[in-house]
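Enquirer: dropping a prediction and its sequence here:
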Amino acid sequence: MDPDRVLDGLDPEQLEAARALRGPVCILAGAGTGKTRAITHRIAHAVASGVVTEQQILAVTFTTRAAGEMRGRLRGLGAPRVQARTFHAAALRQLSYFWPQAIGGPIPTLIDSKAQVVARAANSCALQLDRTGLRDLAGEIEWAKVTQVRPADYEKSIAKAGRTAPIAANDVARVYEAYEEIRRERNLLDFESILELTAAMITEDPGIADRIRDQYRYFVVDEFQDVNPLQKLLLDAWLGDRDDICVVGDPSQTIYSFAGATPSYLTRFSAAYPHATVVRLVRDYRSTPQVVQVANGVLHKSDAAEHRLELIAQRPDGPDPTYTEYDDEPAEATSVARRIAALIDSGTLAREIAVLFRTNAQSAAYEQALADAGVAFTVRGATRFFDRPEIKQAVHTLRGARQGADEEPLVTTVRHILGPLGLTSEPPEGRQARERWESLAALAQLAEDVAAARHEATMADFVAELEARVATEHAPEFEGVTLASLHSAKGLEWDAVFLVGLTEGMLPIIYAESADQIEEERRLFYVGVTRAREYLSLSWALARAPGGRKSRKPSRFLDGLRPASPSLAGRRAERRRKATVIQCRICGNTLTEAAERKLARCLDCPADYDEELLERLRVWRRSAAEQQSVPAYVVFTDATLQAIAEHVPTSRSRLSRISGVGAVKLERYGDAVLALCAGKEPAEAADGRDPDDE
Ligand code: ATP
Ligand code: MG
C-alpha cells in the first residue's frame, strides 16, 4: 500500500504521531481521541514505508478482544501479519517455544484461576476461608506478584503502598509463600509466572535474547496507563537497549491500579526517554458534544487535575444524556430493556448497544430483563469465539462442505449446514443451549455479512474468510446487545450506552475507602461515560427489591452533572427539539423538518430506493411482528427492509441474496415480501401464483 495513503483520515496531531516512525513516541490523550486509530495507522505506515517489516512488529493491547480488533484493522490497512497480542499471549508463545532450550523438562500446566491452589495453600496454613475470602486472597497474591513483592516483603510493602490486606497481613504472606511452593511442586504456571519466566529467560540467556530481539524490533503498547511492573519488566527485556517503542494511553482511564498497574510509566515516559516525540490529542471523534460534556464534567471534579485533558467534541449534536431514578432494581432493568427494544425498533443495531455495570453480579437482572423483552444479548468475558466447541465443530463441517456447495445462495447453504448443529429458527431454552445457539447465529450472521459485501461470494470464499479469522482469532460480533462490566468495556465503543446501578456503594464500590480508591472509581465512571457515541443513559434504583426500603443514594459522581431540573414542560419541549440529530443520507445535511427527518433525506435530494415500498414493508412488518408477539426487528431489521426497497427483488433467489434474509426468513416471509415488491398486498400472494423463480 502507498505509505501516504494509509495516513488518510488522520488529523494533524495523529499525523504527527503516525509520521514519527523511529525512536520513542508517546501519545497522551483522552478517551475517543483516536489513539488506537493513530497507532494502527502508524504501524501500517511504518510497514508501507519499509522502516520495518510486519513480522518485526509486536503490538501489545490490553484484552484478547482488543488484540483481535487491532488485527482486523491492520488487515484492512494492508498489514495482516503484524503480531497484535496481549502481554500474556505474547509471553506464552515465546516461553513455550524456547522452553526446551531454556529450561527443559515437561512444560508446566497453565492455570487460569488461582482459586484451587490458594484454597490448598490456605488449608496448609490452617486458615478457614469462604469462597469470597479465597477470591480476595487470590487477588492479593496477584497484586504481590505483579508488583514483584516477595512473601517475606509483603507486610512492609503494603504498609508503604497504603494498602489494606484482606486478612491479617502476616497470614497473607504465609498463604502466598505456601501458594508458590505448591505451584512449583505441582509444576503449575499462573499468569504472572508466565511473564516473569519469559522476562527472566531473556535477561539470563543471551542466545535467546538475541533471537527474540532479532525477531521483534518495533514495539507498540496501547492502554499504557494500565501497565503493571511485571509487564514493564517484560517490555524492557524485549527492548534491551533499543528505543523503537511507541506507547499510548490516558492517565484518566487508569482503572487497574487496585491490581498493581500504575500510570507513572506513561506520565514519566518523557523523563525516561528525553528525546521522545510526545503527542497530545484532544479532539474527541467518538462522542456527541452532549456526551463529551458529561465526560469533562466527571473529570472536572477530580482531585487529580494535573494530567487532565479537556476533550473537544467533533461530532454533531445528539440527544441529551438521560438521568433516571427507579424505585427498585427490577424496575430499572425492565425499563432499560424496554428502552433498548425501542432503540432497536427505531433502527439502532443491537450490537451497537451496551449495558455497563460495576460488578458482574449485576448482569443477571439485565440478562433476564432483555430475554423477557425479546432482545438478543451477549455477555462479555465468555470463552473466545473460535475456541468454543460448537464453533470448532461448525467450522470443521463448513470446511468439509466447501466443494460443490454453491447451487444455493451462500447464506442459505450455511444455514442448512448449521441447522443440524443446533441453529434452530428460534433460540432454545436454557443458558447453555442458548449460548450455543447464539454462537451459531453469529456464524450465520458472518455469512450474511460476506454475502452482503460481495453478492457472488461462494462457500470457498466464506471458508477462506473464516480461516483468516480463525488465524487472527477475530470473532464476529454477535448481533446482540452487549452486557459488560465497566472494566471490560475499556477501549470499546457503542452508539448507545446504558450505565446502570449508579448508587453509592456500587459506584464508588463499597470497599473503595481511601481517596485514591475513590478516584479510581471516578475514572471507571469516566471510562463508562466515554464508551457512548450518541445515547447515554445513567440510572439507579433506590431499593434492591420491589417494596424494599428505599435507602440507597444516587452515586456522588452524579452530583453537579445532572441538569438542575427545569420545569417538566420545558424539559419535554427541549427533548422534542433536540431528540436526535438526523442527517440526510444522500448529502449529509442535518435535517430539521419533520417530513425530511422521516425520510432521512432532504426533500430535494433524489431518493436512492423505493420509499413508498419501504413504507408498505414497514406497515407489513409491524403487523407480522404483532401477530408473533416479537419486536419488529426480529422480523427484519430496518437495514434489511431498506435493502429490499433498494433492490426490489422479483424472485426468491434474488430475495435470499439480501443481507438479513436467511433460509428461515425466506421460508416464513418470502411470499409476503415478494408480493409487496410486486405491488400487491401480501395476502394476494397466498391464493395467487408464486412469483416466478429464476
Ligand atoms: P479510548 O481512550 O477509549 O481507547 P481512543 O483514543 O483509542 O479511545 P479510538 O478508538 O482510536 O480512540 O477512536 C475513537 C473513535 O473515533 C473511533 O470510532 C475512530 O474511528 C474515530 N476517529 C478517530 N480519529 C478520527 C479521525 N481523525 N477522523 C474521524 N474519526 C476518527
Ligand atoms: Mg483506544
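Expert: Received it, and whenever you're ready, just let me know what you need. Ligands and ions are numbered 1, 2, ... in the order given.

Enquirer: ligand 1 contacts on the stretch 201-350 of the chain?
Expert: Proximity of the stretch 201-350 of the chain to ligand 1, by Cβ under 6 Å from any ligand atom, involves residues Asp250, Gln253, Tyr285, Arg286. Every residue, glycine included, has its C-beta placed from N, CA and C.

Enquirer: now do the chain
Expert: Contact residues, the chain versus ligand 1 (Cβ under 6 Å from any ligand atom): 9-11, 14, 29, 31-37, 250, 253, 285-286, 491, 493, 530.

Enquirer: which of those fall within helices?
Expert: Among these, the subset assigned to helices under DSSP state H consists of Gln14, Lys35, Thr36, Arg37.

Enquirer: need the contact list for the residue of the stretch 451-600 of the chain at minimum distance from ligand 1.
Expert: Per Cβ to the nearest ligand atom, Gly491 is where the stretch 451-600 of the chain lies closest to ligand 1, at 4.2 Å. Counting by Cβ atoms under 8 Å, 6 or more residues apart in numbering, Gly491 touches Thr36, Thr61, Phe62, Thr63, Ala66, Asp222, Glu223.

Enquirer: and the gap between the closest residue to Ile586 other than its chain neighbours and ligand 2?
Expert: Of all residues not flanking Ile586 in the chain, Cys605 sits nearest, at 3.9 Å (Cβ to Cβ, 6 or more residues apart in numbering). According to Cβ to the ion, to the nearest Å, Cys605 and ligand 2 sit 35 Å apart.

Enquirer: was I right to think Cys605 contacts Glu611?
Expert: No: using Cβ atoms under 8 Å, Cys605 is not in contact with Glu611, being 11.7 Å away.

Enquirer: nearest residue to Asp320 in space, ignoring adjacent ones along the chain?
Expert: Gln290 (5.4 Å).

Enquirer: swap that for Gly162, please
Expert: Ser514 (6.7 Å).

Enquirer: what's the pLDDT at that neighbour?
Expert: The confidence metric pLDDT takes the value 88 at Ser514.

Enquirer: that one and Ser257 touch, don't they?
Expert: No: the criterion here is Cβ under 8 Å, and Ser514 misses it with Ser257 at 11.3 Å.

Enquirer: the two: which is more packed in?
Expert: Ser257 (20 against 11; other Cβ atoms under 10 Å).

Enquirer: which helix in this structure has the most residues?
Expert: helix 431-453.

Enquirer: which helices and strands sit right next to it?
Expert: Here helix 431-453 touches helix 389-400, helix 410-418, helix 459-472, going by 3 or more Cβ pairs under 8 Å, 6 or more residues apart in numbering; DSSP states H and E.

Enquirer: run through the residues that contact the residue nearest to Ile586.
Expert: Cys584, Ile586, Cys587.

Enquirer: A strand includes it, no?
Expert: No: under the criterion used here (DSSP: H, G, I helix; E, B strand; the rest coil), Cys605 is coil, not part of a strand.

Enquirer: could you report the pLDDT at it?
Expert: 73.

Enquirer: cool, Gly570 as well?
Expert: 47.

Enquirer: what of the one 5 residues further on?
Expert: Taken from the predicted model, the pLDDT recorded for Arg575 is 48.

Enquirer: what touches both of Ser514 and Ser257?
Expert: With Cβ under 8 Å, 6+ apart as the test, Ser514 and Ser257 reach no residue in common.

Enquirer: distance of the residue nearest the centre of the chain relative to ligand 2?
Expert: Nearest to the mean C-alpha position of the chain, by Cα atoms, centre = their mean, lies Leu492 at 4.4 Å. According to Cβ to the ion, Leu492 and ligand 2 sit 9 Å apart.

Enquirer: right, and that residue touches Arg531 too?
Expert: Yes: assessed by Cβ under 8 Å, Leu492 is found in contact with Arg531 at 6.1 Å.

Enquirer: okay, and the common contacts of those two?
Expert: With contacts taken as Cβ under 8 Å, 6+ apart, Leu492 and Arg531 have Ala354 as neighbours in common.

Enquirer: pick out the residue of the stretch 1-150 of the chain closest to ligand 2.
Expert: Closest approach between the stretch 1-150 of the chain and ligand 2, counting by Cβ to the ion: Thr36, at 3.4 Å.

Enquirer: quick check: closest non-adjacent residue to that residue.
Expert: Nearest to Thr36 is Asp222, by Cβ to Cβ, 6+ apart, at 5.9 Å.

Enquirer: identify the residues contacting the one you found.
Expert: Asp222 neighbours (Cβ under 8 Å, 6+ apart): Lys35, Thr36, Ile39, Ala59, Val60, Thr61, Phe62, Ala66, Met70, Val248, Gly249, Gly491.

Enquirer: among those, which one sits closest to Glu204?
Expert: Val60 (22.0 Å; Cβ to Cβ).

Enquirer: quick check: pLDDT value at Glu429.
Expert: At Glu429, pLDDT is 66.

Enquirer: from ligand 1, how far out is His197?
Expert: Actually, residue 197 is Leu. It isn't His. Separation of Leu197 from ligand 1 (Cβ to the nearest ligand atom, to the nearest Å) stands at 30 Å.
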